[in-house]
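**Student:** Structure for this input, please:
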Amino acid sequence: MKNRTYILITAVIVLFATGMLTASTTDIWMVASADDFARGKMENVTILSTGQLAPGMGTSRIEVEEISIWSAVVSPQGASYIGTGNKGVVYRVKDNSVEKAFETGEAVVTSLVWGGDTLYAGTIPGGRIYAWKQGAEPKLVADLDVDYIWDMIYHTGLKKVIIGTGPEGKILSMTSAGETAVFFDSNESHILSLAEGADQSIFAGTSMRGVLFEFSSQGNVLNTWDLNDNEVRALSFHNGSLYIAANTIKSYERDLYFMEEGAMQDRSQLAHLLAARISQLGAGDEAVEKSFQELFDINLYRLTSAKDMHRILGIPSRYACDLGVDKDNVIYIATGDEGELWAATEPNLGWVMMDLKESQILSVGIHGQALTHVATANAAAIYKAQAKAAESAQFTSEVKDTGFRSQWGQIEWKSTGAIEIVTRTGNHSIPDATWSDWSEPLTESGSRITSPSARFIQFRVQWKQASKAKVDWIRLAYINENQRPRMEKLVTAQLRDGMPSTKGLPQIKEEYYAQRLKEVQGKVRIQWQAIDPDGDTLVYWLYYRREGDKEWVIINPKEPVRESLNYYDLSSIIHMKTSKEKRGLSDIAHDWSISNLADGWYMIKVVASDELDNAVNQKKVWKETGPILIDNRKPEIADLTPAGELKWTGRAKDSTSHIARIEYNLDGEKWEILRAKDGIYDNNEEEFRIELKNVMPGEHVLTVRALDEGGNIGMRQVGFTQK
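**Tutor:** A predicted model of the protein is given here:
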């Protein structure tokens, strides 16, 4: 991977050195990591801990005509039973179908557990428990004074059902006759998960603070762990260790989770409740919209027999619903809201085992220390695991937006065996009837993509029957059709418009003013904004045309105006396209020398071209502005005559443009601005009046200067004697 990175960086530098970046350069879409693959859709495919894509275990799907499956359990004889909502029916899974076992008459069966030959079903709302035996009618054995039953286990030593409840955080025990007692009364809100450990101890996980308790069979607290999570969702005791799946709500959303106690917090409806809560807490008029799973992160822990608690794995932006562990210590984590079954091993290895079309996997079934099934919600289905690999497997990538209509190159991949890849394209972000059909299968890496040119593309990896090929990466090449640049905000200004005022400023400022005045004489600043949608390097050609003329005259015939680029900044080079798009329209200016032009009105045109980055199919755009007045003649100070003691009057006049400013100084001291006689400089001729005060006796020189709109300066001096 390091070698590959070096090659790619080198290629970028070479492209810049030859001026061939962006539109004329091939772009690459590469799918090469577990995160990349996770954004696609997998059917009987798994993402291995190594980040590779491979055929997964075989499954058979059994549809259940219910909204959701909330709970599942395997009988001692190996038969699977599921508890559903929203009709509270328990089904038996038989071969590849389901048959109704019994009805509870409640809304939801949240927990199922076998105690001997009796199946116990915990329900909500109302906290009732039903007992059922094969061939008999269900019997209500306990009507608890709780709102929710979250989990139940059958304790082998006590011969009792242990029950986790909410919202008062009580653990109850129940005999086969339905006699109940408080086993432990915690300070938590909900007891979400239970497991029997070694020496008949009992583990219990809670919300809202995510505390794990360990009890003796008599109900004494042996140990307590605060996991710094918000809920301990699922527990599984296996080979002397306790495995723990906990959910942490992200810090900036924590207040959303601490809802009123009466709100239902369960494995499938919590998503809808949180979404409603988020909309209530929207800032201003905007509601916060976020996927349910994005609110949470999963933390997977293991508690050893020595009471050593350590974190195995973190899964960001996922919500854990259940977990199970097989004979090989592979941990299976059922998640929502994307319907993924994750698998994990120590140390810190996790991968997607199944990616189902249903939005939530609520239950993991382990029997005989092997994964037997998973159960889903939205919609309800059972996926039975098979020992052999799936007969067919395929991976469908996410839809790639190339930004603009694109021409396709070749598609390459690295795999350990034979695979096929098909592609399809379209101009809508969601594949629909306007998209092309899937292409003919491509079987050789480096094959040319045959799908039509379009903006969006998607590929699908197909494994041939019995193929166990592992896919390391897939990448495809494309080139955008060249897009026309965009120009905005073309303006012009005589540079003297930016001159500072000298009134009341010290001498050093006057020196700066004089220098600035010298710099701006005879120049017009042309300023514009432009951007290229492809991120191409733009160059600019500037033109002028005198009013009445037909032909445009180029201002910069030898070299175009261009943006500067630091070729030695590798980071800027690599990310130039993205950065340019983010910063939007850029300001560019050119100072145009007009000293040799005839006076008059002129139009200006700026042409933006992407010619540097496109050998063919170059795109240009232009914008015109004006008219602007060009005046290269100095104004005249006329009729400067005395009008009394230390008083003078006069006129400043110009043949082409308005007088913009009149100033005077005495004996070379600082310049003082004069007010136009009529109060505003808006004419080719302006009258003025000067009144001097506190003039010392002796010989003096009065200097008057006028500036016109072209930045030209006319000056006149008179001498006088003050007695």
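
**Student:** In stretch 223-241, which residues are buried?
**Tutor:** The neighbour-count check on stretch 223-241 (16 or more other CB atoms under 10 Å) flags 225, 227, 229-238, 241 as buried. For glycine as for every other residue, the C-beta is placed from the backbone atoms N, C-alpha and C.

**Student:** want to throw these into JSON lines with secondary structure?
**Tutor:** Output for these, formatted as JSON lines (DSSP: H, G, I helix; E, B strand; the rest coil):
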{"residue": "Trp225", "secondary structure": "strand"}
{"residue": "Leu227", "secondary structure": "coil"}
{"residue": "Asp229", "secondary structure": "coil"}
{"residue": "Asn230", "secondary structure": "coil"}
{"residue": "Glu231", "secondary structure": "strand"}
{"residue": "Val232", "secondary structure": "strand"}
{"residue": "Arg233", "secondary structure": "strand"}
{"residue": "Ala234", "secondary structure": "strand"}
{"residue": "Leu235", "secondary structure": "strand"}
{"residue": "Ser236", "secondary structure": "strand"}
{"residue": "Phe237", "secondary structure": "strand"}
{"residue": "His238", "secondary structure": "strand"}
{"residue": "Ser241", "secondary structure": "strand"}
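
**Student:** for those residues, which one is nearest Ala660?
**Tutor:** Nearest to Ala660 among the buried residues of stretch 223-241 is Asn230, at 69.6 Å by CB to CB.

**Student:** do you know how far that closest one is from Lys357?
**Tutor:** 28 Å (CB to CB, to the nearest Å).

**Student:** Equivalent analysis for Ala72, please.
**Tutor:** 19 Å.

**Student:** Settle it for me: which of the two has more neighbours?
**Tutor:** Ala72 (24 against 11; other CB atoms under 10 Å).

**Student:** Once you drop chain neighbours, what's closest to that one?
**Tutor:** Ser363 (4.1 Å; CB to CB, 6 or more residues apart in numbering).

**Student:** What angle do strand 231-238 and whichever strand or helix holds that neighbour make with each other?
**Tutor:** Assessed by DSSP states H and E, Ser363 sits inside strand 360-367. Calculated by axes from the mean of the first three to the mean of the last three CA atoms, to 10 degrees, strand 360-367 forms an angle of 20 degrees with strand 231-238.

**Student:** got any ranges where the protein has weak pLDDT?
**Tutor:** 1-24, 251-294, 387-391, 466, 494-520, 564-586 (pLDDT under 70).

**Student:** what's the domain layout of it?
**Tutor:** 2-40+397-479, 486-630, 636-722 (automatic domain parsing).

**Student:** before we move on, the earlier item: adding distance to Tyr154, write the buried residues of stretch 223-241 out as TSV.
**Tutor:** What follows is the buried residues of stretch 223-241, written out as TSV (distance: CB to CB, whole Å):
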residue	distance to Tyr154
Trp225	24
Leu227	26
Asp229	27
Asn230	28
Glu231	23
Val232	20
Arg233	20
Ala234	17
Leu235	15
Ser236	15
Phe237	13
His238	17
Ser241	21
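
**Student:** Closest one to His155 out of those, please.
**Tutor:** Nearest member of the buried residues of stretch 223-241 to His155, counting by CB to CB, is Phe237, at 12.1 Å.

**Student:** Measure how buried Tyr120 is and give me the count.
**Tutor:** Residues near Tyr120, counting by other CB under 10 Å: 23.

**Student:** so it touches Ala131, yeah?
**Tutor:** Yes. The pair Tyr120 and Ala131 passes the contact test of CB atoms under 8 Å, sitting 5.6 Å apart.

**Student:** which residues do those two both contact?
**Tutor:** Shared contacts of Tyr120 and Ala131, defined by CB atoms under 8 Å, 6 or more residues apart in numbering, comprise Val141.

**Student:** Can you show me the CA trace of the top strand by length along the chain as PDB?
**Tutor:** Across the chain, the longest stretch assigned as strand under DSSP state E is strand 400-415. Extracted in PDB, the C-alpha atoms of strand 400-415 (Å, rounded to 0.1, in the frame of the first residue of the first chain):
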ATOM      1  CA  LYS A 400     -20.900   7.000  -7.700                       C
ATOM      2  CA  ASP A 401     -21.500  10.700  -8.600                       C
ATOM      3  CA  THR A 402     -18.800  11.800 -11.000                       C
ATOM      4  CA  GLY A 403     -20.000  15.400 -10.900                       C
ATOM      5  CA  PHE A 404     -20.800  15.700 -14.600                       C
ATOM      6  CA  ARG A 405     -21.500  13.500 -17.600                       C
ATOM      7  CA  SER A 406     -18.500  11.200 -17.900                       C
ATOM      8  CA  GLN A 407     -16.800   8.900 -20.400                       C
ATOM      9  CA  TRP A 408     -15.800   5.600 -18.900                       C
ATOM     10  CA  GLY A 409     -12.500   3.900 -19.200                       C
ATOM     11  CA  GLN A 410     -11.400   0.400 -17.900                       C
ATOM     12  CA  ILE A 411     -12.300  -1.300 -14.700                       C
ATOM     13  CA  GLU A 412      -9.700  -3.200 -12.700                       C
ATOM     14  CA  TRP A 413      -9.700  -5.400  -9.700                       C
ATOM     15  CA  LYS A 414      -7.500  -7.600  -7.600                       C
ATOM     16  CA  SER A 415      -9.000 -10.900  -6.400                       C
END
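
**Student:** can you list contacts of that strand?
**Tutor:** Outside strand 400-415, the residues that touch it by CB under 8 Å, 6+ apart are 26-27, 29, 419, 421, 423, 425, 427, 429, 442, 445-449, 451, 453-459, 461, 469-481, 483, 533-534.

**Student:** Quick one, which of the residues you listed are buried?
**Tutor:** 27, 29, 419, 421, 423, 425, 442, 447, 449, 451, 454-459, 461, 469-471, 473-474, 476-480, 483, 533-534.

**Student:** Of those, which belong to strands?
**Tutor:** 27, 29, 419, 421, 423, 425, 447, 454-459, 461, 471, 473-474, 476-480.

**Student:** For Glu691, see how far away Ala121 is.
**Tutor:** 105 Å.
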